[in-house]
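>>> predicted model, plus sequence, below.
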Amino acid sequence: MTTARAWTLKQRPQGMPTHADFELREQQLAPLQDGEVRVRNAWLSVDPYMRGRMNDVKSYVPPFQLGEPMEGGAVGRVVESRSDAFKEGDLVQHMLGWRDVSSAPAAAFNKLPALGVDDHQWLGNLGLTGGTAYWGLLDAAEAKEGETVFVSAAAGAVGSAVVQIAKAKGMIVIGSAGGPDKCAWVKELGADAVIDYKAGPVLKGLAAALKEIGQSGIDVYFDNVGGDHLDAALATARSRARFAICGLIEGYNSTEPMCLRYIARIIAARITIRGFLFPDYLGRMGEFYAEMGPWVASGTIASRETVHDGLDAMPDAFIGLFTGSNTGKMLVRL
């Protein structure tokens, strides 16, 4: 193995990314130094937050550099090691995706425990996706048994996990998804009511869903979308509702600011709005694995994946996140 291929950012996208913004480059692999590990990737994660890293702005993670390999979640097996911490064949998770082979110091890789689950689950419900859902719902939003939870993008990777975790914890759940097929799947996951946001205004749909399940408002909102969904949540929030802001995908490719018509309700209803990031909870992953692991292994928490095959498919998979082409987790299989 002397070469590897990696996707780079050729130019910074203006609005919706296009194929012209990306370039697949071949790289020569240098011999490993002491303490380094080489991994052949098997699964690559595709996530909406990556869009923010394509802009040259200060954020919680540095922007991608033009001409340099991009990064993202990946799972693969060690093919060469000069570290005592890893041996050939070890299954690992890391953040050096968008490429077929990753080489780095051993600290960049996390050896995965044998829980009897499919390898790709470490990028889904047992990885960043599930961890984001778990901690956002239970810690950032402090959701409790018996409360009414509204989840946007409920047929997406994070949203579908939120729906199931909330039901496992005894909550009442309203999910929002786009189109009959996605709405039917969210209902299968256990949601008490589902809104098709493509069928009409979100606020109208949320009001109808609350009436359907006999609730006067929502206690918790898990936001993956922003925009009209966030407005609808503000309009229907009960006193002292808590909002966990995970993502605002509606605005990622827009140059226009979001307009919140019901923002004044934050004061009147004493709403708590809290942003959070998955890395905030890395020190508590033992708690997460202890509860989520058995749920995933037993099928209590299910998943659905939209899989593209081959490294060449990365741009298609990424752009598909913003056109609604995925149900559940978007992945690329190598």
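Done, it's in. Residues are numbered from 1 along each chain as shown.
>>> tell me which stretches of the stretch 201-334 of the chain form helices.
Counting by DSSP state H, counting those that start in this stretch, the segments of the stretch 201-334 of the chain that form helices are 202-212, 227-236, 265-268, 285-298, 314-320.
>>> can you tell me which of these the model trusts least?
Note on the helices of the stretch 201-334 of the chain: helix 285-298 shows the lowest mean pLDDT, a mean of 90.
>>> in that helix, what counts as buried?
For helix 285-298, burial by neighbour count (16 or more other Cβ atoms under 10 Å) applies to 285, 288-289, 292-293, 295-296. Using the backbone N, CA and C atoms, a C-beta is placed for each residue, glycine as well.
>>> closest one of those to Arg12?
Met285 (33.0 Å; Cβ to Cβ).
>>> ok, back up a step: now distance to Gly97 too, for the helices of the stretch 201-334 of the chain, in CSV please.
Putting these into CSV (distance: least, Cβ to Cβ, whole Å) gives the following:
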stretch, distance to Gly97
helix 202-212, 33
helix 227-236, 28
helix 265-268, 37
helix 285-298, 19
helix 314-320, 9
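>>> what helices and strands are in contact with whichever strand or helix holds Phe150?
Using DSSP states H and E, Phe150 sits in strand 148-151. Under the contact definition 3 or more Cβ pairs under 8 Å, 6 or more residues apart in numbering; DSSP states H and E, strand 148-151 sits against helix 157-168, strand 172-177, strand 218-223, helix 227-236.
>>> can you add mean neighbour count and give these back as a markdown table?
Formatted as a markdown table, the helices and strands packed on strand 148-151 follow (neighbours: other Cβ atoms under 10 Å):
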| stretch | mean neighbour count |
| --- | --- |
| helix 157-168 | 27 |
| strand 172-177 | 28 |
| strand 218-223 | 27 |
| helix 227-236 | 23 |
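>>> make TSV out of those and add distance to Gly190.
TSV is the format used below for the helices and strands packed on strand 148-151 (distance: least, Cβ to Cβ, whole Å):
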stretch	distance to Gly190
helix 157-168	4
strand 172-177	7
strand 218-223	15
helix 227-236	20
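>>> quick one: closest of the ones you listed to Gly310.
Of these, nearest to Gly310 by Cβ to Cβ is helix 157-168, at 20.4 Å.
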